[in-house]
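K.L.:
Return a 3D structure for these sequence lines:
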Amino acid sequence: MADVTLNQRCNSYDVHQHLRRLIMTGRLPPGAIVSQAGLARDIGVSRTPVREAMRMLQNEGLLEAEPNNRARVTGFSAGELEATYFARILQESAAFALAIPQMNSESLEKAISAFDAMQRAETRADFDLWVLAHRDFHRLLAAPAGREIEARIVSLLEQSTRFQHMLNSTREPNWWIQRDDEHARLLEACRSGDAAGGAKLMAHHLAQSALMILDEFANDGVSRGASIALARDLMMRG
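P.N.:
You can find the predicted model right below:
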């Protein structure tokens, strides 16, 4: 399995975060087997924190139990993607509309810095770095709306990470660089104080991302994208 970067002093939370990161970034791909005994041996800890970490990941739907104290990384679910982006379109667009009037020069500069970090990652063709900067950019656009709202947006952003990595593993290289214009327009909405326009831009931006990923992976014979279009249309009516 992937290289272990933990040590014998780690607890179940440390192991959970480590495994979760490997799954979300695709370093532990769908179908990969995780063994309690093997992971405990690699880290140098007892099976107790490993077993608890794997149980937490099963509760999150990222692992499925297998015989002999093993688990399998779950596969991609188009329905899960649709539900995640449906929530993001509604909640993140509304959060952005609430955040724009509350933005000051400091919060705007932080968002601009995150956008600059995205562009530096693009120049280096470093997708992992881009994902981190991109997630920070979207978080910062919502942050002025309040800590509770920001925390909810962060949770949805983390759920989206796995889909982005899966798309990057199959689509033509550097597809993510093509989104720069949309991100720049989101910043312009901040500068101009256009809350209503910003919400519509965000809804369109997220819907385009969701439909692109669905187009790549939704091969289960079920018509997909209706809820994405509904959420987008609801937010763009305002």
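K.L.:
just the strands in this protein please.
P.N.:
33-35, 63-66, 70-73 (DSSP state E).
K.L.:
domains of the protein?
P.N.:
Listed domain ranges for the chain are 12-73, 78-236 (source: automatic domain parsing).
K.L.:
ok, now which ones touch the spatially closest residue to Gly146 that is not a sequence neighbour?
P.N.:
Excluding the flanking residues, the one nearest Gly146 by Cβ to Cβ, 6 or more residues apart in numbering is Leu98, at 7.7 Å. Where you see a C-beta, it was placed from the backbone N, CA and C, and this is true even at glycine. Listed by Cβ atoms under 8 Å, 6 or more residues apart in numbering, the contact partners of Leu98 are Pro144, Ala145, Gly146, Ile149, Ala195.
K.L.:
Tabulate the strands of the chain in JSON lines, adding columns for distance to Asp215 and mean neighbour count.
P.N.:
Below are those laid out as JSON lines (distance: least, Cβ to Cβ, whole Å; neighbours: other Cβ atoms under 10 Å):
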{"stretch": "strand 33-35", "distance to Asp215": "30", "mean neighbour count": "18"}
{"stretch": "strand 63-66", "distance to Asp215": "26", "mean neighbour count": "15"}
{"stretch": "strand 70-73", "distance to Asp215": "23", "mean neighbour count": "18"}
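K.L.:
Mind checking these for the one nearest to Val15?
P.N.:
Relative to Val15, the nearest member of the strands of the chain by Cβ to Cβ is strand 33-35, separated by 10.4 Å.
K.L.:
Quick one: list the elements packing against that closest one.
P.N.:
Here strand 33-35 touches strand 70-73, going by 3 or more Cβ pairs under 8 Å, 6 or more residues apart in numbering; DSSP states H and E.
K.L.:
Figure out how far the strand it packs on is from the centre of its chain.
P.N.:
From the chain centre to the centre of strand 70-73 is a distance of 22 Å (Cα atoms, centre = their mean, to the nearest Å).
K.L.:
Where does the prediction get shaky in the protein?
P.N.:
1-9, 171-174, 218-223, 238 (pLDDT under 70).
K.L.:
how about the helices in this protein?
P.N.:
Using DSSP state H, the helices of the chain run over 12-24, 36-43, 47-59, 78-99, 105-123, 127-142, 147-170, 180-192, 195-217, 226-236.
K.L.:
of all those, which lies closest to Ala71?
P.N.:
Smallest distance to Ala71 across the helices of the chain (Cβ to Cβ): 5.3 Å, for helix 47-59.
K.L.:
buried ones in that closest one?
P.N.:
Going by neighbour count (16 or more other Cβ atoms under 10 Å), the buried part of helix 47-59 is Pro49, Val50, Ala53, Met54, Met56, Leu57.
K.L.:
what's the closest of the contacts of Leu98 to Thr84?
P.N.:
Distances from Thr84 to these, taken by Cβ to Cβ, are shortest for Ile149, at 16.9 Å.
K.L.:
Excluding chain neighbours, what is closest to that closest one?
P.N.:
Per Cβ to Cβ, 6+ apart, closest to Ile149 is Ala95, 4.9 Å.
K.L.:
repeat for Leu186
P.N.:
Leu201 (5.7 Å).
K.L.:
what about Gly193, how many neighbours?
P.N.:
Number of residues near Gly193 (other Cβ atoms under 10 Å) recorded here: 11.
K.L.:
Find me whatever residue is spatially closest to it, sequence neighbours aside.
P.N.:
Using Cβ to Cβ, 6+ apart, the closest residue to Gly193 is Ile100 (6.1 Å).
K.L.:
what residues are up against that neighbour?
P.N.:
With Cβ under 8 Å, 6+ apart, Ile100 has these contacts: Pro144, Ala189, Cys190, Gly193, Asp194, Ala195, Gly198.
K.L.:
do Ala145 as well
P.N.:
So Ala145 contacts Ala95, Phe96, Leu98, Ala99, Gln102 (Cβ under 8 Å, 6+ apart).
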